[in-house]
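Q: Dropping the sequence and predicted coords here.
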Amino acid sequence: MNEQVLRDLVPAVIGVLVRRGADFAPAEDAVQDALVEAVRVWPDDPPRDPKGWLVTVAWRKFLDATRAENSRRHREERVESEPTPGPAGALDDTLQLYFLCAHPSLTPASSVALTLRAVGGLTTRQIAQAYLVPEATMAQRISRAKRTVSSVRFNQPGDVATVVRVLYLVFNEGYSGDVDLAAEAIRLTRQLAAITNHEEVAGLLALMLLHHARRPARSRADASLVPLAEQDRSLWDTRLIAEGVDVLQTALARDRLGEFQAQAAIAALHADAQTAEETDWVQIVEWYDELVRLTDNPVARLNRAVALGEADGPRAGLAALADLDPALPRWTAAAAYLHERAGDPATAAHLYAEAARTAPNLPERNHLTRQAARLNTQLRS
Amino acid sequence: MAKYLLLKHYQGGPAPVVDAGPMDQWTPDEVNAHVQFMTDFGARLEETGEFVDMQALTPDGAFVRYGGEGQPPVTDGPFAETKDLIAGWYVIDVESWDRAVELAAELSAAPGPGGKPLHEWLEVRPFWGEPPTVTE
């Protein structure tokens, strides 16, 4: 049994312990301890019923930890006297866990850390490595998050929208370390999509699959970024694209549009194009209109301006850009690109250099610097 | 979350607000209070899950550069008294620029002579982030 299959069981096992009367925080600790033991014992002695094994061991660890507390009698009495809740399904427990870990009282970073541990079954060390902080720091972040939600009742209904935002963060804003956060985000979103019937969960899953499909083409061996238009599309994962499009179409058919479905639709249109020239920019602009309508997000407006530059020509794109705040992230980079396409390499070179100075990350800065250098070299010759 | 460097200088940067004099001229209690403040600050950062790294540098060292094929490295040092000189840093992982500034101000309130805040200038520098996956 591989690690991922093992981790799939984590939310359900935590759910069983909580239903037996354990508080969330010690239940989660006990399941982590049981996982460590499973990794040690199972290779030589695989259990016939992995979930049952985990429940038994985690429950024993929970009782051991509870007994070790000073207030031993008090706690045991409480566990004993806890009424046995009804036979809720394992799926409900998993969903409750997603809600709890994305509770609105938590900061986004705390939600991300708690979700990866309690729903994803990753160890604190793995999460710390994934976010490039010391293990002690991540341990504090997780235990503070657990304290914050300790008073939240496990059976409180939650909001899928908050869960979706947390999973999007895991997918979009991770480092590329030993733990593949993008793959983990997809696994957790798949699991959520299997137990909820929410269009935006499907939309997010489709968005993730469609972007993940491009991963082999997104960077060169030296880690430099390859813009979408220059990517080798034969490297795109057609299986993931097919799945993403399928998931998206099913969601769209229900006619309850949301921002993730709209974003996925844009990604699907890019995936449809065999070459960058075949891209259906007119439809992409229409989807950006939807996205702007749904979110009123200035970044969506910026992306719409760039798409408009492709659909109606760079002058139209520049006109749309002129209506937006130049302080927006990547505004200058978009202006540089559109000016070059409009046949003004001198302005474009100047703007690329300026964009490089304010780039949000090193690969983007290097990319923008290379664009400026390319144009400046052309202009000198 | 984003990572920031809180950089402490021996010298250089804007003119000091408080003339605290060299630490060896303080009373032992004043030195102890200052050191304790630094320890507590680090502990608080760990507690809030915002700590990444803390290091202190000696004022020694030199500038070094490649001297050319077959040549030894060229060094320029020790550092001149007027040079900008880094004393150490904290690396923090926080929700926002505002939080980084808040923490820097807290650190800058470390006590000096008479237990009064030093108002020391700290340099706050954002780390480059990672490129996002979703780009359009």
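A: Perfect, thanks for sending it.

Q: and A:Leu379, what does it touch?
A: A:Pro345, A:Ala346, A:Ala349 (C-beta atoms under 8 Å, 6 or more residues apart in numbering or on different chains). The way it works is simple: take the backbone N, C-alpha and C, and place the C-beta from them, glycine included.

Q: Which pLDDT value goes with it?
A: A:Leu379 is assigned 94 on the pLDDT scale.

Q: Ramachandran angles for it?
A: In terms of degrees, to the nearest 10, the main-chain angles of A:Leu379 are phi -70, psi -30.

Q: Out of the contacts of A:Leu379, which end up buried?
A: A:Pro345, A:Ala349 (16 or more other C-beta atoms under 10 Å in any protein chain shown).

Q: Export the contacts of A:Leu379 as a markdown table, with columns for pLDDT, secondary structure and distance to chain B.
A: Converted to a markdown table, the contacts of A:Leu379 look like this (pLDDT from 0 to 100; DSSP: H, G, I helix; E, B strand; the rest coil; distance: C-beta to the nearest C-beta, whole Å):
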| residue | pLDDT | secondary structure | distance to chain B |
| --- | --- | --- | --- |
| A:Pro345 | 97 | helix | 24 |
| A:Ala346 | 97 | helix | 27 |
| A:Ala349 | 97 | helix | 22 |
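
Q: Please convert the contacts of A:Leu379 to CSV, extending it with distance to B:Tyr66.
A: Compiled in CSV, these are given as follows (distance: C-beta to C-beta, whole Å):
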residue, distance to B:Tyr66
A:Pro345, 35
A:Ala346, 36
A:Ala349, 31
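
Q: From the contact counts, what lies against the longest helix seen in chain B?
A: Assignment by DSSP state H gives helix B:28-47 as the longest helix of chain B. Where contact means 3 or more C-beta pairs under 8 Å, 6 or more residues apart in numbering or on different chains; DSSP states H and E, helix B:28-47 is packed against helix A:135-148, strand B:51-56, strand B:85-94, helix B:97-108.

Q: ok and the residue in chain B nearest chain A?
A: Chain A sits closest to B:Gly49 of chain B, with a gap of 3.2 Å, by C-beta to the nearest C-beta.

Q: and that residue, which of the three is it?
A: Three-state assignment for B:Gly49 (DSSP: H, G, I helix; E, B strand; the rest coil): coil.

Q: what about the closest residue to it other than its chain neighbours, how many neighbours?
A: Nearest residue to B:Gly49 in three dimensions, chain neighbours excluded: A:Arg141, at 3.2 Å (C-beta to C-beta, 6 or more residues apart in numbering or on different chains). Counted with other C-beta atoms under 10 Å in any protein chain shown, residues neighbouring A:Arg141 total 27.

Q: and A:Arg141, how far is that from B:Pro22?
A: 38 Å (C-beta to C-beta, to the nearest Å).

Q: got a list of what residue 136 touches?
A: All of this is about chain A. Contacts of A:Ala136 by C-beta under 8 Å, 6+ apart are B:Glu46, B:Phe51.

Q: Switch to chain B, please.
A: A:Leu228, A:Ile266, A:Ala267, A:His270, A:Asn303, A:Val306, A:Ala307.

Q: rerun that using 7 Å as the cut-off
A: A:Leu228, A:Ile266, A:Asn303 (C-beta atoms under 7 Å, 6 or more residues apart in numbering or on different chains).

Q: Just these: which are in helices?
A: A:Ile266, A:Asn303.

Q: Who wins on neighbours among the contacts of B:Glu136?
A: A:Ile266 (25 neighbours).

Q: Leaving out sequence neighbours, find the closest residue to that residue.
A: Using C-beta to C-beta, 6+ apart, the closest residue to A:Ile266 is A:Trp287 (4.9 Å).

Q: And for the one you found, the neighbour number?
A: 23.

Q: quick one on the thing from earlier: which residues touch the longest helix of chain B?
A: By C-beta under 7 Å, 6+ apart, helix B:28-47 touches A:136-137, A:140, B:23, B:51, B:54, B:92, B:106-107, B:110-113, B:115.

Q: Count the neighbours of residue 17 for me.
A: Because you didn't say which chain, this covers chain A. 24.

Q: that's the wrong chain, I wanted chain B
A: 12.

Q: Might you report the residue contacts of it?
A: With C-beta under 7 Å, 6+ apart, B:Val17 has these contacts: B:His119.

Q: Which of the three states applies to it?
A: B:Val17 - assigned by three-state DSSP - is coil.

Q: near chain A, which residues of chain B?
A: B:1, B:46-47, B:49, B:51-52, B:93, B:95, B:128-134, B:136 (C-beta under 7 Å from any C-beta of the partner chain).

Q: Of all pairs in the residues you listed, which one is the farthest apart?
A: B:Glu47 and B:Glu136 (40.0 Å; C-beta to C-beta).

Q: what's the neighbour count on A:Asn376?
A: Residues near A:Asn376, counting by other C-beta under 10 Å: 15.

Q: same thing with B:Phe41?
A: 18.

Q: Per-residue pLDDT of it, please?
A: 95.

Q: give me phi/psi at residue 49?
A: Chain wasn't specified; assuming chain A. Backbone phi and psi, for A:Asp49 under degrees, to the nearest 10, turn out to be phi -120, psi 90.

Q: switch to chain B, that's the one I care about
A: phi 70, psi 30.

Q: Distance check, it against B:Tyr4.
A: In terms of C-beta to C-beta, B:Gly49 sits 15 Å off from B:Tyr4.

Q: just A:Arg117 next, same as before
A: Counting by C-beta to C-beta - A:Arg117 and B:Tyr4 are separated by 25 Å.

Q: can you check B:Pro59 too?
A: 24 Å.

Q: More neighbours: which of the two?
A: B:Tyr4 (24 against 12).

Q: Tell me which of the contacts of B:Glu136 has the lowest pLDDT.
A: Among those, A:Leu228 has the weakest pLDDT, 94.
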